[in-house]
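Chemist: Provided below are the primary sequence and the corresponding predicted coordinates.
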Amino acid sequence: MLIREVMTAPVVTLPRDATVRQAIRVLHEHDITAAPVVDRDGRLAGIVSEMDLLRGAFEADPRAFARPVAAPGGPPPRRVEEVMTARVRTARPNSDAAALADMMIRTGIKSVPVLDGTVLVGVVSRRDLIAVLARGDARVRDDVVAALAGHGAPGDGPWAVTVSDGVVELSGPADEAARRLAGVLARTVPGVTRVVVRGPAGQGSV
């Protein structure tokens, strides 16, 4: 799968000078956990998450403490640009979604803006990746069959396609080139986690 096939677009963005309260309302209203921050020209300037916005948003309630609580040293941040992350990991729309998922797992990053050149075209969140994996096996199988037929996968006979928990098994022509092409096509289908390609009667695999 390519990133453009799993990303959310169009993107909900926030201007640098939005207030923290405005940003909180935007994330809440759109049911998202983070949003890219853009400058006046619409170029990516950073990303702000729920955690960023929550820092300093609440003051302690004195009723919860036996002794009076000291007043905070200064006012909480008021603008998005004060709390956002400026150094942002980004992705390209035609890059591999699996590699992006691995990076997000390793780093703990929850949302990644997608840039086509300097243009912000989408965002990929953990929720987007989960939504792809949640697609039912029957739907994934239909899409794999359509991909094979639509691209004219060569061979001397029809492909048998089975899907179990996102793992696709293809059985078909003995021609190695045909099997490799079928495997590539199957891997482009959203929701596919692994592909096994076998020749007639299960002989060999790629």
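Modeler: Ah, there it is.
Chemist: alpha carbons only for contacts and neighbour counts from here, please
Modeler: Will do.
Chemist: where does L100 land in three-state SS?
Modeler: Per DSSP: H, G, I helix; E, B strand; the rest coil, the local secondary structure of L100 is helix.
Chemist: quick one: the helices in the chain?
Modeler: 20-30, 50-54, 80-83, 97-107, 126-133, 137-150, 176-187 (DSSP state H).
Chemist: show residues contacting the fifth one.
Modeler: Residues from elsewhere that reach helix 126-133, judged by C-alpha atoms under 8 Å, 6 or more residues apart in numbering: 6-8, 101, 110-111, 166, 190-193.
Chemist: nearest to L44, of the residues you listed?
Modeler: Nearest to L44 out of those is S111 (C-alpha to C-alpha; 13.8 Å).
Chemist: pretty sure that closest one contacts A34?
Modeler: Yes. Using C-alpha atoms under 8 Å, S111 is in contact with A34, at 6.7 Å.
Chemist: between these two, which contacts overlap?
Modeler: Going by C-alpha under 8 Å, 6+ apart, no residue sits against S111 while also sitting against A34.
Chemist: who are the contact partners of A134?
Modeler: Contact analysis of A134 by C-alpha under 8 Å, 6+ apart lists G191.
Chemist: which one of the contacts of helix 126-133 sits closest to L181?
Modeler: So of the contacts of helix 126-133, ranked by how close each gets to L181 (C-alpha to C-alpha), first place is V192, at 15.6 Å.
Chemist: separation between the residue lying closest to that closest one once chain neighbours are set aside and D39?
Modeler: Leaving aside its chain neighbours, V192 sits nearest to G166 (4.8 Å; criterion: C-alpha to C-alpha, 6 or more residues apart in numbering). For G166, the distance to D39 (C-alpha to C-alpha, to the nearest Å) stands at 40 Å.
Chemist: of those two, which one has the most company?
Modeler: Neighbours around G166 and D39, counted as other C-alpha atoms under 10 Å, are more numerous at G166. The numbers are 22 against 14.
Chemist: just checking, that one touches R194?
Modeler: Yes. With contact defined as C-alpha under 8 Å, G166 reaches R194; the gap is 6.9 Å.
Chemist: need the contacts of helix 126-133 in JSON lines with distance to L133, can you?
Modeler: As requested, the contacts of helix 126-133 are arranged in JSON lines below (distance: C-alpha to C-alpha, whole Å):
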{"residue": "V6", "distance to L133": "10"}
{"residue": "M7", "distance to L133": "13"}
{"residue": "T8", "distance to L133": "15"}
{"residue": "A101", "distance to L133": "12"}
{"residue": "K110", "distance to L133": "16"}
{"residue": "S111", "distance to L133": "17"}
{"residue": "G166", "distance to L133": "7"}
{"residue": "P190", "distance to L133": "8"}
{"residue": "G191", "distance to L133": "5"}
{"residue": "V192", "distance to L133": "8"}
{"residue": "T193", "distance to L133": "8"}
